[in-house]
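Q: build the 3D model from these lines:
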Amino acid sequence: MSKILAILFAALTIGTAQAKEIVTIIYAFSPADTMANYSRTLADEANKIQDKYTFIFDTKPGAGNSIAAQYVAHTPNTILATSSAFFVRPNFYPNESYDIDNYRELMPQCDAPLGVASAKYKSWKEVPKDKRLTVGVSGLGVTTHLTATQVMVKYPNLAVVPFKSTNDSILSMVGGFTDIHVGFLGEAETWGADTSKNKVYILGTTGDKAINGRPTLVSQGFPTMLSRMNAPHHLVIPNTISDAKSKEWRDILVKAAKTKSVRSSYAVDHCEPMSDMDDDRIQPWYHAQAATWKKLSSGVKLEYKQ
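A: Numbering: from 1, shown residues only. Down below sits the predicted model:
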């Protein structure tokens with residue numbers, strides 16, 4: 001009997017020693033978004049290159065990424081995967097959101113242009129200004145909503161319709177329930193393929209350069225601030241995570257982000273990689289983003305017409 005107990009104890013000890021610590025990457029929007037694949041793929045690659053942690057992917061969509069941010073703030077071993085919406089939302093809904101000073105940057109992933117698209121109209125010349133239209137966005141007080149307000153400068157007849165994700169928004173437009181959509185290019189290009197039954201037309205993009213020959217919004221007479229409104233995707237952690245652990249996570253994830261599969265997931269949305277950023281630039285980037293989006297949000301009235 002003593003030998004059996006000794007064997008069982010040894011097996012238990014080995015199993016415990018081999019157990020990996022679980023770290024959950026929480027994406028702030030729908031798992032069906034193309035941007036969700038950035039973190040899903042990142043977790044897979046991170047698990048291949050080390051044996052201390054098991055990175056898993058999960059989502060907590062809703063309230064313009066506030067639900068995910070609050071969850072990460074109160075749940076050990078979690079990382080928030082979000083976009084520029086993280087910096088935008090508190091500017092408009094400070095009481096219903098979170099304090100960005102309670103978080104810090106773990107890793108910028110990539111910088112993606114946003115696209116304004118329609119299944120009904122092939123160009124802005126076809127979009128009427130004399131009748132009520134609807135534009136879908138991925139929540140209230142987020143980057144897509146902010147982008148929509150700048151489109152409304154030329155088309156004040158647009159009414160904002162909020163969804164939980166860009167994927168939900170584009171599905172509504174393709175289904176004929178909304179007229180225009182603001183989201184990421186990968187989703188619009190998938191629907192815009194020649195073989196697509198419901199063809200989607202990209203009317204313009206944020207940023208200051210054309211993507212695959214598509215004109216920017218600014219080049220078509222929309223407000224110049226849209227040239228600075230690409231949406232960076234990045235990983236954020238609460239300040240309660242120790243410096244030692246955050247460095248371990250960052251070293252692993254930076255290495256994982258260099259793999260072909262992760263870079264390919266970025267490329268779907270024409271998202272320019274930023275994960276090679278030097279360590280000493282990470283927090284300055286975080287603070288600069290907070291300041292930039294606060295400035296871009298300043299004086300903007302978020303229109304929401306039901």
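Q: how far off centre is the longest helix along the chain?
A: Counting by DSSP state H, the longest helix found in the chain is helix 279-297. Relative to its parent chain, helix 279-297 has a centroid offset of 16 Å by CA atoms, centre = their mean, to the nearest Å.
Q: relative to residue 188, how far out is the most centrally placed residue in the chain?
A: Nearest residue to the geometric centre of the chain (CA atoms, centre = their mean): residue 83, 3.5 Å. Distance, residue 83 to residue 188, using CB to CB, to the nearest Å: 16 Å. For the C-beta atoms, the positions are set from N, CA and C on the backbone; glycine is no exception.
Q: coming back round to it: buried residues in the longest helix of the chain?
A: The neighbour-count check on helix 279-297 (16 or more other CB atoms under 10 Å) flags 282, 285, 286, 289, 290, 293, 296, 297 as buried.
Q: for that helix, packing partners?
A: helix 85-92, strand 103-112 (3 or more CB pairs under 8 Å, 6 or more residues apart in numbering; DSSP states H and E).
Q: which residues does it contact?
A: 84, 87-88, 91-92, 100, 104-108, 146, 225, 228-229, 232, 250, 277 (CB atoms under 8 Å, 6 or more residues apart in numbering).
Q: hey, C-alpha coordinates of the host helix or strand of residue 42 in CSV?
A: Following DSSP states H and E, one finds residue 42 within helix 36-48. The C-alpha coordinates for helix 36-48 follow below in CSV (Å, rounded to 0.1, in the frame of the first residue of the first chain):
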residue,chain,number,x,y,z
ALA,A,36,-10.7,38.9,-33.1
ASN,A,37,-8.4,36.7,-35.2
TYR,A,38,-5.4,38.9,-34.3
SER,A,39,-5.6,37.8,-30.6
ARG,A,40,-6.9,34.3,-31.3
THR,A,41,-4.0,33.6,-33.6
LEU,A,42,-1.6,35.3,-31.2
ALA,A,43,-2.7,33.1,-28.3
ASP,A,44,-2.1,30.0,-30.5
GLU,A,45,1.4,31.0,-31.4
ALA,A,46,2.3,32.0,-27.9
ASN,A,47,1.4,28.5,-26.7
LYS,A,48,3.8,27.0,-29.2
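Q: next structured bit after that helix?
A: Taking DSSP H and E, what comes next after helix 36-48 is strand 53-59.
Q: next, the angle from that following strand to helix 36-48.
A: Orientation of strand 53-59 against helix 36-48 (axes from the mean of the first three to the mean of the last three CA atoms, to 10 degrees) gives an angle of 170 degrees.
Q: neighbouring strands - and their directions - for strand 53-59?
A: Strand 53-59 has its sheet partners listed here by DSSP bridges as strand 21-27 (parallel).
Q: quick one: average confidence on the partner strand?
A: Mean pLDDT, computed over strand 21-27, is 97.
Q: what does stretch 35-43 contact?
A: By CB under 8 Å, 6+ apart, stretch 35-43 touches 25, 27, 29-31, 55-57, 59, 81, 83, 109-110, 112, 166, 184, 233, 235, 253, 256-257, 261-262, 264-266, 268-269, 271.
Q: please repeat the previous calculation with a cut-off of 7 Å.
A: 25, 27, 30, 55-57, 59, 81, 83, 109, 184, 233, 253, 256-257, 261-262, 265-266, 269 (CB atoms under 7 Å, 6 or more residues apart in numbering).
Q: then stretch 159-178?
A: Applying CB under 7 Å, 6+ apart, the contact partners of stretch 159-178 are 29-30, 32-33, 61-62, 118-119, 132, 134-140, 144-145, 148, 180-181, 183-184, 187-188, 191, 198, 200, 303-305.
Q: could you list the buried residues of that stretch?
A: Buried-residue list, stretch 159-178, by 16+ other CB under 10 Å: 159-174, 178.
Q: mind listing which of the residues you listed are in helices?
A: Filtering those for helices - DSSP H - leaves 166, 167, 168, 169, 170, 171, 172, 173, 174.
Q: quick one: the fourth one from residue 107, how far?
A: Which is residue 169. 27 Å.
Q: one step back: could you check the angle helix 85-92 makes with the longest helix of the chain?
A: Using the same axes, to 10 degrees, the inter-axis angle of helix 279-297 relative to helix 85-92 is 40 degrees.
Q: now helix 279-297 against strand 103-112, angle please.
A: Per the same axes, to 10 degrees, the angle that helix 279-297 makes with strand 103-112 is 80 degrees.
Q: residue 26 is in contact with residue 56, correct?
A: No: judged on CB atoms under 7 Å, residue 56 makes no contact with residue 26 at a distance of 9.8 Å.
Q: neighbour count winner among those two?
A: Higher neighbour count among residue 56 and residue 26: residue 26, with 24 against 14, using other CB atoms under 10 Å.
Q: where's the more buried one relative to residue 40, distance?
A: Distance, residue 26 to residue 40, by CB to CB: 12 Å.
Q: thanks again, I'm all set now.
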